[in-house]
Structures are given as C-alpha cells and as structure tokens.
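Undergrad: sequence isn't available, so here's the structure alone:
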C-alpha cells in the first residue's frame, strides 16, 4: 500500500476530528446563549447515544452488504450538509431533531471506517497506522478546543459550526480519492427486514461461540474501558468540589491530558513494529486503570495533572493495541455487524454504569465511590493481562476444535 493512500485517509479523518472539537465547543456555547439553560446543553450529550441505540441493531446489516467507501463519502456529505443548517435554526427542539438525524447517519461512520481501514491497510502495518491515527485524534483533542476559543472570540459560534461542516466535505473528498476496496458487494437495494436482522444476529452469535479467546479479551477490555468512561462523568465534579479547583485549573488539566495522549501516540507509533499488540492492549489498559485510581486519589492540582498526563499517555497504547487486535480477529465480512451490535451494547452498559456511579456518589463519598470503581477496573485489567499472556494457547485450541466440530 502506498503512503499516499494512508496520508489521505489520515488527513481526511484528522481534519474531521479537529472540526468536531471546534463544533462541539461552539455548539455548547450557542445552545447556552440560545436557552440560558445548562440542562439544554446537557441534552447534546444524550442525543448521540440515543441515535446509536436507534440504528445499531440494523446498521451493521447494511454496512456489511454495501460499498464501504460509498457509505463513508455519503455519510460525510449528509452530515456536512445538515450541520451547515444548524446556525439558521432558532428553536432548541429543531436543533435537537437535526442533531438526532446527524447522530443516526454518524452511527454508520465508525463501523464502516473500521472495515475500510482493515481492508485497506496490510496486517503488518495496522498497528503503526492505528498509532498514527490515535496521534491525529490526540492532536485534534489538544488543538480543537484552543482553536475554538480563538475563533469564537473573534468570529462567533456560527462560523465554527460552518467550519465543521466544511471539514466533513474535505474528509469525503479525501476518501473519494482512495481506492475502492470492496471487489463485490451484495445489492445495496436489499431492504433490511426483521428476518435479515435475525439471520445476521445468528451469524454474529456463531462467530462469538467459535472465537472464545477473542470474545473473552474483548469483554474484559470493554468492561475496564466502560468503567473508566463512567468515571469520566464525575471528573469535573471531583476537580471542582473535592479538590476545590477552579474552571481554569480544570481547563489546564484537560489540556495536559491531551499533551500526554499526543506524546503517548507518538511513542506508540515509533514502537509499533517492535512491541506486540498484546503488550499494547493488556498493559496499556492495566496502566490506564491504575492512573484512573491515581487521579481519584490525588490531593491537589499537581497530583491530578500528573495522573491525567500519564493516563492520556498510556491510553494511547491501549486504544492502538485493541484496535489492531479487533481488526486481526474479526472477519471483515461481519465486522460491520459485530461492531454495530457491540457499540449498542456498550452504549447501554455505559449509560447504566454512569447512572449507577452518579446515584451511589450522591449517597456516599464521591472519592470513595470513584476509588472503588477504579479498583474494580484494575482487577478486570489484571485478569485481561493474565488471559492475553497465559491463556491464549488454551483458548485458541478450544476455538479450533469447536470450529472443526461445527463443520
């Protein structure tokens, strides 16, 4: 594969990620200015998982049957066009409705891009590519909010939203320049039916029953990650109420986290051909959970900042390793269905864990509850390390035997 194609893909998705951060900051301020309500702003963060839950039972059936490159281009063109309309709306409910539609189309992009990347990038180069992709995401996370602040200060929120719309068009153009990796696809005009969805669920179930090693690793990683995501919902409360820090301090901690993530992604890229995917995945997640605990055990700005710098650093290894592990073990012909279904289940679990953590934190000490959750994620990560390094041969042998018997 030529470097030109990798660069095109990285530039397209990287610019889109940068635009997303600018858009998110601008949208928060625009809705706050429109309504004056913090609850209205919080509604933005509820819409995306709703859109995901509405589509992920059937979107995988479409993704695995149609041309992935066309899906990616179409989704970006539609999202860019819809986002361009937002500044012209004056009702919060019309904005919510449009954001829901954008979220529905957006739910196709992640699973489709994963399949496309897996087919486009040779297996021996995926870990390096995934590390570079993580680095571009970290760069967008670091630069996006800062650039948004400058743009909002001088030109307002509307232009920031327009910029995000344009980044989707740029991403679509970059993908248009890339090769078509689907040699043959099922007729995309097939209507998704309940019968088709049930048949696809059986296909995913059959894969899960014959790939126990992958499923065990997948579940352990996801559980540890989702516990961490639920802890993210309390970080602002912990920083402001428990540590008694200011909004400026919170912004500083967020910024240094991005710096740590960028540094981690850079090192992960350099070591991608020397360090195994198992080390990236298992130990990356183990140290991620450890630094979550360090953060919620912190006593001030310095210790909290160091914890989050290291958290961003090691999480880059975990994400790059797991993405490569996923691409290696899930067949591309069912990757869309498996990815969409797992995203839906993960979303439901994340909502449940976040609500549980929020409820328990209201009853008991926030720090104690967060430390307990962090401890659980560490135990799960230790089990992940054990399974990846000491149980692989046993699992794979059993998987092959079960596959042989089923045939």
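TA: Nice, I can see it. Source: prediction; values computed, not measured. Numbers count the residues shown, from 1 in each chain.

Undergrad: pLDDT below threshold where in the chain?
TA: 1-2, 38-39, 42, 183-192, 247, 392-407 (pLDDT under 70).

Undergrad: where exactly do the strands run in it?
TA: Applying DSSP state E to the chain gives no strands.

Undergrad: how is it carved up into domains?
TA: Using automatic domain parsing, the domains assigned to the chain come out as 1-179, 200-407.

Undergrad: can you put those domains in a markdown table and add distance to residue 194 and mean neighbour count?
TA: Where C-beta positions appear, they are placed from N, C-alpha and C, glycine not excepted. A markdown table is the format used below for these (distance: least, Cβ to Cβ, whole Å; neighbours: other Cβ atoms under 10 Å):
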| stretch | distance to residue 194 | mean neighbour count |
| --- | --- | --- |
| domain 1-179 | 9 | 19 |
| domain 200-407 | 11 | 18 |
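
Undergrad: nearest to residue 193, out of the ones you listed?
TA: For residue 193, the closest of those is domain 1-179, at 9.1 Å, according to Cβ to Cβ.

Undergrad: any chance of the domains of the chain in CSV, plus distance to residue 193?
TA: Output for these, formatted as CSV (distance: least, Cβ to Cβ, whole Å):
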stretch, distance to residue 193
domain 1-179, 9
domain 200-407, 11
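
Undergrad: residue 296 touches residue 238, doesn't it?
TA: Yes. Counting by Cβ atoms under 8 Å, residue 296 does reach residue 238; the two are 6.5 Å apart.

Undergrad: list the contacts for the residue nearest to residue 136 when sequence neighbours are not counted?
TA: Excluding its sequence neighbours, the residue lying closest to residue 136 (Cβ to Cβ, 6 or more residues apart in numbering) is residue 14, at 3.8 Å. Taking Cβ atoms under 8 Å, 6 or more residues apart in numbering, we find residue 14 in contact with 136-137, 139-140.

Undergrad: mind listing the shared neighbours of residue 296 and residue 238?
TA: 367, 370.

Undergrad: show me where the stretch 201-350 of the chain has its helices.
TA: Taking DSSP state H, counting those that start in this stretch as the criterion, the stretch 201-350 of the chain carries its helices at 212-232, 235-237, 247-270, 277-296, 301-329, 335-363.

Undergrad: next one: the second one to chain centre, how far?
TA: Spelled out, that is helix 235-237. Relative to its chain's centre, helix 235-237 lies at 20 Å (Cα atoms, centre = their mean, to the nearest Å).

Undergrad: what's in contact with that helix?
TA: With Cβ under 8 Å, 6+ apart, helix 235-237 has contacts from 250, 295, 361, 366.

Undergrad: kind regards, and thank you for your time.
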